[in-house]
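Chemist: Okay, sequence plus prediction incoming.
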There are 2 protein chains.
Amino acid sequence: MDNRENILSVALRLFSSSGYDSVGVQEIVDEAGITKPTLYHYFGSKRGLLDALLEKHFSALLTSVREAASYQGDLPLTLQKVVEAFFQFVKQQKDFYRMQLAMCFSGPESETLEASSRYNRELILILEEMFLKASGDHGNMKGRHKRYAFTFLGIINNYITLYLGNHITLDSREAFLAVHQFSHGIYS
Amino acid sequence: MDNRENILSVALRLFSSSGYDSVGVQEIVDEAGITKPTLYHYFGSKRGLLDALLEKHFSALLTSVREAASYQGDLPLTLQKVVEAFFQFVKQQKDFYRMQLAMCFSGPESETLEASSRYNRELILILEEMFLKASGDHGNMKGRHKRYAFTFLGIINNYITLYLGNHITLDSREAFLAVHQFSHGIYS
DNA sequence: TTTTTACTATACCGATCGGTATATTGGCTA
DNA sequence: TAGCCAATATACCGATCGGTATAGTAAAAA
């Protein structure tokens, strides 16, 4: 078993269930069955381990969402694709998305927000660009792309939160409902 | 200045900006200009301090929302009142709501979730009861009160999050938009 | 006046924090 | 074979963690 990957998966599990700040490096290496110098060899610091975790999973999410968000004239279809891209990712990386959501909402001075903010900015930027292009075909959307991006992501995260609390399953029907709920805010 | 209240306000500021786990008791007492035994005299433990903070502010929020959520035949009006109760509270207790949101999304094994979950359960219960009563007058709502409560609170928290990031201001118009967005999910 | 009680400071506790100096191992390269 | 380098362990670092034993003070109650 590869030590580096093992450390990453143990850290993800612990961070997502107890929070980055309350998990000690000692706890991670104990659970991984190794010692500290091994962890520090691969990641340099606790923060470096967090950064590696974020980079690994966010790059997959961003790629997937970027592809889904490529607007080509049909906004409802694009929105549906984006939601399903999120749902697909979350179903595969439940723990990671739980951790990432917690980081989004952590305090403005926290290390976790600082580490994750650039990825969330990128995510928002992708959505903004999608809405910006779409507003060329929908005059009443002009100048609102930033707000649409935030609101859309917010609705998606609501559904994901329901999923993480085992209240719903993430299927195409739920994705449709999410798009529908959001769309009402645009077209009326 | 009263020591107890001073500790509470310093702790709230630090917890909300850096996170409960990453703030040490020493840091709190230094900022408050006192020493540890004083803090431990009033609150018994760091966790006791957190509990006191939650109790103090949540009791105000719950009272306010409970009153707004008393359904008396006009659901849109009731929803509007509830949203405005949240908005009013958040405008006065920005830091507290930021901290409470962070706790909502903290890991399932975290101390912060354990400390705050009962208050959020109570909040959800109030909303559930409101939707349950309303479903007596709206047949198509039957059996969905739990989900409505989660979704409604989710939308409210989306707007509050936008406010905390200085993207919008919380006024009656925004409250109306929140109600409108939610209502679409019910009536269609 | 004496006693009690609430409050606060000094100084300290063992445990854990993130991180590292040093040494050893094993495999690949020159 | 000689040398190098990635990878790992033992043992340790100073700092900080949450928490407390002890003592003092000041005000209220007896």
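Modeler: Cool, the structure landed. Numbers count the residues shown, from 1 in each chain, chains lettered A, B, ... in the order given.
Chemist: any idea which helix or strand comes after the strand or helix carrying A:E55?
Modeler: Under the criterion DSSP states H and E, the helix or strand holding A:E55 is helix A:46-68. Past helix A:46-68, further along toward the C-terminus, the next helix or strand under DSSP H and E is helix A:75-92.
Chemist: and whichever helix or strand comes after that following helix, average pLDDT?
Modeler: Following helix A:75-92 in sequence order, the next helix or strand is helix A:94-104 (DSSP H and E). Here helix A:94-104 scores 98 as its mean pLDDT.
Chemist: next one: stretch A:1-21
Modeler: On average, stretch A:1-21 scores 96.
Chemist: what residues are up against A:L113?
Modeler: A:L113 makes contacts with A:103-104, A:106-107, as judged by Cβ atoms under 8 Å, 6 or more residues apart in numbering or on different chains. Quick note: C-beta positions are derived from backbone N, CA and C, even for glycine.
Chemist: closest to A:E129 among those?
Modeler: A:C104 (20.2 Å; Cβ to Cβ).
Chemist: tell me, how many neighbours does that closest one end up with?
Modeler: Using other Cβ atoms under 10 Å in any protein chain shown, A:C104 has 20 neighbouring residues.
Chemist: Excluding chain neighbours, give the residue nearest to it in space.
Modeler: Nearest residue to A:C104, sequence neighbours excluded (Cβ to Cβ, 6 or more residues apart in numbering or on different chains): A:N120, at 6.1 Å.
Chemist: Go ahead and confirm the one you found touches A:S106.
Modeler: No: the criterion here is Cβ atoms under 8 Å, and A:N120 misses it with A:S106 at 11.6 Å.
Chemist: who has more neighbours, these two?
Modeler: A:S106 (29 against 15).
Chemist: Under the pLDDT cut-off, which ranges of chain A? List them.
Modeler: A:185-188 (pLDDT under 70).
Chemist: Of all the residues in it, which one is nearest DNA strand C?
Modeler: A:G24 (2.3 Å; Cβ to the nearest atom of the strand).
Chemist: Next one: that residue from chain B, what distance?
Modeler: 11 Å (Cβ to the nearest Cβ, to the nearest Å).
Chemist: For that residue, grab the count of nearby residues.
Modeler: Count around A:G24 with other Cβ under 10 Å applied: 11.
Chemist: who's in contact with it?
Modeler: Contacts of A:G24 (Cβ under 8 Å, 6+ apart): none.
Chemist: Surely A:E67 touches A:V82?
Modeler: No: in this structure A:E67 lies outside contact range of A:V82 using Cβ under 8 Å: 9.6 Å.
Chemist: Sticking with the residue lying closest to A:Q80 once chain neighbours are set aside, tell me its helix or strand.
Modeler: In this structure, A:Q80 finds its nearest non-sequential neighbour in A:V179, 5.3 Å apart by Cβ to Cβ, 6+ apart. Using DSSP H and E, A:V179 maps to helix A:172-187.
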